[in-house]
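[1] After the sequence you'll find the predicted model.
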Amino acid sequence: MVTQRAASLHADIGEVLLTPETIAQRVGELGRELAGDYADKRPLVVGTLKGAVVFMADLVRAIEPVPAGLSLEFIRASSYGAGTVSSGKVALGGTLAAADIAGRHVLLVEDIVDSGRTAVALVDHFKAAGAASVKMASLLSKPARRTCAYKPEYLCFEVEDKFVVGYGLDFDEQYRSLPYVGVLRPELYTGFE
Ligand SMILES: O=P(O)(O)OC[C@H]1O[C@H](OP(=O)(O)OP(=O)(O)O)[C@H](O)[C@@H]1O
Ligand code: HPA
Ligand SMILES: [Mg+2]
């Protein structure tokens, strides 16, 4: 039953870090900042599947006034699988062709920069395809876990070294639809990392 499933998902959250209201306020601010910075740049806004899909949907609607020529694309990036630690190998996929990227001002939209491996792989990929510029807007950053130096140009929130879910972020494909960002109870994955 739907109510039972929702109740058990919420019960798996040890602590809510970011409420829907806190997220919405910061996303609104960032959207207005991006509208100014990209006003005359015909931005290509690229969301990273799957984690960034909720943030992407809210952020793009907050980019007001809408820059002329703004277009949306998605790319697949995957490295965690069913675990809470990066496999170390970032698999990129999707249908975005180099010809669609060349000459564009690319704004990557990510849910989280954790080790930094996915961000670095994405930036390298878009630069190699001839983008005019590549920057990233990330909902979250977890600087304590970085294995490569990387700082997103636009960031909503820093989080501590805890595995977080909700607002698009998953553990083993669960919890993405929660409207807040919360810490997953460690006993649910300890021993499965
Ligand atoms: O900085 P990193 O250590 O590379 O971690 C960040 C990346 O990991 C997650 O993706 P994941 O592989 O879980 O795929 P998903 O978006 O489909 O959940 C997350 O959505 C980021 O893309
Ligand atoms: O803390 C996290 N939660 C969910 N997905 C992630 N991918 C990297 N870090 C995280
Ligand atoms: Mg994931």
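    Thanks, I have the structure now. Ligands and ions are numbered 1, 2, ... in the order given.

[2] what about the residue lying closest to Thr19 once chain neighbours are set aside, how many neighbours?
    Leaving aside its chain neighbours, Thr19 sits nearest to Tyr180 (5.4 Å; criterion: C-beta to C-beta, 6 or more residues apart in numbering). (C-beta placed from N, C-alpha, C; glycine too.) Counted with other C-beta atoms under 10 Å, residues neighbouring Tyr180 total 18.

[3] hang on, Tyr180 packs against Val16?
    Yes. Here Tyr180 reaches Val16: they are 5.1 Å apart, a contact under C-beta atoms under 8 Å.

[4] for the protein, what are the low-confidence residue spans?
    1-7, 192-193 (pLDDT under 70).

[5] Quick check: the residue of it nearest ligand 1.
    Ligand 1 sits closest to Gly51 of the chain, with a gap of 2.7 Å, by C-beta to the nearest ligand atom.

[6] That residue - nearest residue in space that isn't next to it in sequence?
    Asp111 (3.8 Å).

[7] do you know how far the residue of the chain closest to ligand 1 is from ligand 2?
    Distance of Gly51 to ligand 2, computed by C-beta to the nearest ligand atom, to the nearest Å: 6 Å.

[8] what does this structure have sitting close to ligand 2?
    Residues of the chain found near ligand 2 (C-beta under 6 Å from any ligand atom) are 80, 112, 114, 163-165, 169-170.

[9] and if we set it to 5 Å?
    112, 114, 163-164, 169 (C-beta under 5 Å from any ligand atom).

[10] out of those, which one sits closest to Arg32?
    Ranked by distance to Arg32 (C-beta to C-beta), those are led by Ile112 at 22.4 Å.

[11] Ramachandran angles for the residue nearest to Thr19?
    Backbone geometry at Tyr180, expressed as degrees, to the nearest 10, gives phi -130, psi 170.

[12] Give me the secondary structure label for Phe157.
    Judged by DSSP: H, G, I helix; E, B strand; the rest coil, the three-state class of Phe157 is strand.

[13] distance of it from ligand 3?
    Distance, Phe157 to ligand 3, using C-beta to the ion, to the nearest Å: 18 Å.

[14] Secondary structure element for the residue nearest to the spatial centre of the chain, which one?
    Residue closest to the mean C-alpha point of the chain, counted by C-alpha atoms, centre = their mean, is Asp111 at 1.7 Å. Using DSSP states H and E, Asp111 sits within strand 105-113.

[15] Counting by contacts, list what that strand packs against.
    Judged by 3 or more C-beta pairs under 8 Å, 6 or more residues apart in numbering; DSSP states H and E, strand 105-113 is in contact with strand 44-49, helix 53-62, helix 117-128, strand 133-141.
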